[in-house]
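Colleague: Next input, structure requested:
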Amino acid sequence: MEETSLSSKMDVLRCLTPDMVRKEILIHFIAYNLVRHLMLRSAAEHSLWPDSVSFKYSLTAIEQWMQAISSNNSRKHAAILEKFILSLIANAILPHRPFRREPRAVKRRRKPYQILTKPRKIFMEIQHIKKYKKSP
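Modeller: A predicted model of the protein is given here:
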């Protein structure tokens with residue numbers, strides 16, 4: 001999958017200017033809301049609870065059919081494809097797990113590198129890098 005796909009992580013923003021960072025965040029919100037909208041439509045058409053549809057599976061189904069969606073020319077084909085994607089999304093029902101616990105945790109590990117606090121031309125690397133601990 002490309003790095004520009006909908007499932008790309010938002011914890012690391014790739015833009016540099018504040019205006020472009022705002023646009024990047026806005027695009028993530030738009031993509032998230034579009035996926036949630038399709039999930040809601042699918043649940044309504046198939047008489048399901050909206051909470052019972054899997055977000056990850058919905059996102060994967062949309063990503064897999066993105067090429068067919070974008071290359072579509074006829075309205076009849078678009079309607080057929082839309083119904084097919086909505087039925088795919090409706091098939092991904094989450095199991096009922098009453099005692100499931102999902103604590104929040106950070107998965108990305110910190111790297112044992114220094115923090116770049118000065119311009120690269122001035123910055124001096126600490127030679128004992130293996131012993132260097134990153135501050136929290």
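Colleague: For the chain, name the helix or strand with the lowest mean pLDDT.
Modeller: Within the chain, no helix or strand scores below helix 66-70, which has a mean of 79 by mean pLDDT, DSSP states H and E.
Colleague: hmm, who's touching the following helix or strand past that helix?
Modeller: Next along the chain after helix 66-70, taking DSSP states H and E as the criterion, comes helix 75-91. With contacts defined as Cβ atoms under 8 Å, 6 or more residues apart in numbering, helix 75-91 is touched by 38-39, 41-43, 45-46, 48, 53, 57-58, 61-62, 65, 68-69, 72. Any C-beta I mention is one placed from the backbone N, CA and C, and that applies to glycine too.
Colleague: go with 6 Å
Modeller: Helix 75-91 is contacted by residues 39, 42, 45-46, 58, 61, 65, 72 when judged by Cβ atoms under 6 Å, 6 or more residues apart in numbering.
Colleague: chain center to it, what's the gap?
Modeller: Mean-position distance between helix 75-91 and its chain equals 22 Å (Cα atoms, centre = their mean, to the nearest Å).
Colleague: Helix or strand for Thr60, just tell me which one.
Modeller: Applying DSSP H and E, one finds Thr60 within helix 55-64.
Colleague: And the strands in this protein, which stretches?
Modeller: Read by DSSP state E, the chain holds no strands at all.
Colleague: Give me the helices and strands touching the longest helix along it, please.
Modeller: Criterion DSSP state H: the longest helix present in the chain is helix 18-45. Where contact means 3 or more Cβ pairs under 6 Å, 6 or more residues apart in numbering; DSSP states H and E, helix 18-45 is packed against helix 55-64, helix 75-91.
Colleague: in the least confident helix or strand of the chain, what counts as buried?
Modeller: Neighbour counts over helix 66-70 (16 or more other Cβ atoms under 10 Å) mark no residue as buried.
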